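Chemist: Sequence first, predicted coordinates after that:
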Amino acid sequence: MLTKPSNTVLYFAPHQDDELLTMGIDIAASVKNGYDVHVIIVTDGASSNVRLRLGNREFCDQCHEQHVFDLTKEDFTATRDQELFGSCEALGVKRENVHFPEERIVDGQVTLDRTKEIMKDFIERIDPECTVCTIYPNAPEAHHKDHRTLGLAAVELMNEGVIKHLVTMEEPYVAVEVEHAKGEEPTVFYAPDDIAQQIEKAVASYFLWDPANKRYAVGYHSVPNEMNQLITEKALYYHTYE
């Protein structure tokens, strides 16, 4: 798997589930290889249309139940965070190494300057020599502005000397759908069996439907195809920067 010059690795993701869909294989591999792994989610994740769907009073074919769950944005963020914690636990990340900014960005309102501030803050507090991992900034902007912005912020911080070591990772479906310029194709890594099993357990956290305990399978309602693609293909697409 990827060799990282520093023993500390910071994974920056825009929303709860991006840490798994785009970077989960590398997170599990880094933990397995003895790195000090931290996961940082920069937004509240509250703008997903799943929140409104959970209260639309319609029968859901996915969970086989009527959607009668009127969640506030705060409640919705909390249930998404629980999915995140379960995912990170399955990947081997210690709970105290899962972080949020003191003031989380409103989902959908990620800006370059604010993202750079958040990244710089965590880098300075945790390990200035760390390796930073985030999303490669080539996703279609119309649908993934938050995703692109994290990648662009990281590249700028590397050019400014704040980030010493940088790896970016493409969302699997973007990696196979977007045409890359020659020489800019991602490197592909396929998860070995032990990490593939961790990925399946992490996906299960996003598929957990248990309204009595405030678990609403947000990941399952939001991106089931992408989750299943990750389980089926077990592929990581990444770019390293020198």
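Modeler: Done, it's in. Quick caveat, the model's predicted, so the values are computed rather than measured.
Chemist: looking at this structure, which residue lies furthest from center?
Modeler: Distance from the C-alpha centroid of the chain peaks at R57, with 29.8 Å (C-alpha atoms, centre = their mean).
Chemist: What about R215? Give its phi and psi, please.
Modeler: With angles defined as degrees, to the nearest 10, R215 sits at phi -120, psi 120.
Chemist: Skipping adjacent residues, who's closest to it in space?
Modeler: Among residues not flanking R215 along the chain, L208 sits closest, at 4.8 Å (C-beta to C-beta, 6 or more residues apart in numbering). (Each C-beta comes from the backbone N, C-alpha and C, glycine too.)
Chemist: now swap in D17 and tell me
Modeler: Distance criterion C-beta to C-beta, 6+ apart; nearest residue to D17, sequence neighbours excluded, is G219 at 4.9 Å.
Chemist: How about residues contacting whichever strand or helix holds that neighbour?
Modeler: G219 is part of helix 218-222, with elements assigned from DSSP states H and E. Residues outside helix 218-222 that contact it (C-beta atoms under 8 Å, 6 or more residues apart in numbering) are 16-17, 48, 50, 53-54, 60, 62-63, 76, 79-80, 83, 203, 205-207, 209, 227.
Chemist: how close does the residue nearest to D17 sit to V98?
Modeler: Separation of G219 from V98 (C-beta to C-beta, to the nearest Å): 16 Å.
Chemist: Comparing those two, which shows the higher neighbour count?
Modeler: Per other C-beta atoms under 10 Å, whichever of G219 and V98 has more neighbours is G219, with 27 against 20.
Chemist: returning to what we had before: the residue farthest from the centre of the chain and E129, how far apart?
Modeler: From R57 to E129 the distance is 53 Å (C-beta to C-beta).
Chemist: likewise T72?
Modeler: To E129, T72 is 41 Å away according to C-beta to C-beta.
Chemist: next one: A196
Modeler: 31 Å.
Chemist: Below-threshold pLDDT in the protein: ranges please.
Modeler: Applying pLDDT under 70 to the chain picks out residues 1, 140-143, 242.
Chemist: how about a cut-off of 90?
Modeler: In the predicted model of the chain, residues 1-6, 137-145, 172-185, 241-242 satisfy pLDDT under 90.
Chemist: Would you state the helices of this protein in chain order?
Modeler: 18-21, 24-32, 50-53, 73-91, 112-126, 141-159, 172-177, 193-206, 218-222, 224-233 (DSSP state H).
Chemist: Ok, which of those comes nearest T134?
Modeler: Judged by C-beta to C-beta, the one of the helices of the chain that comes nearest to T134 is helix 141-159, at 4.7 Å.
Chemist: helices and strands around that closest one, which ones?
Modeler: Counting contacts by 3 or more C-beta pairs under 8 Å, 6 or more residues apart in numbering; DSSP states H and E, helix 141-159 is packed against strand 8-13, helix 112-126, strand 131-135, strand 165-170.
Chemist: got the ones you listed as JSON lines, with mean neighbour count and distance to A153 columns?
Modeler: JSON lines is the format used below for these (neighbours: other C-beta atoms under 10 Å; distance: least, C-beta to C-beta, whole Å):
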{"stretch": "strand 8-13", "mean neighbour count": "25", "distance to A153": "8"}
{"stretch": "helix 112-126", "mean neighbour count": "17", "distance to A153": "4"}
{"stretch": "strand 131-135", "mean neighbour count": "27", "distance to A153": "8"}
{"stretch": "strand 165-170", "mean neighbour count": "23", "distance to A153": "11"}
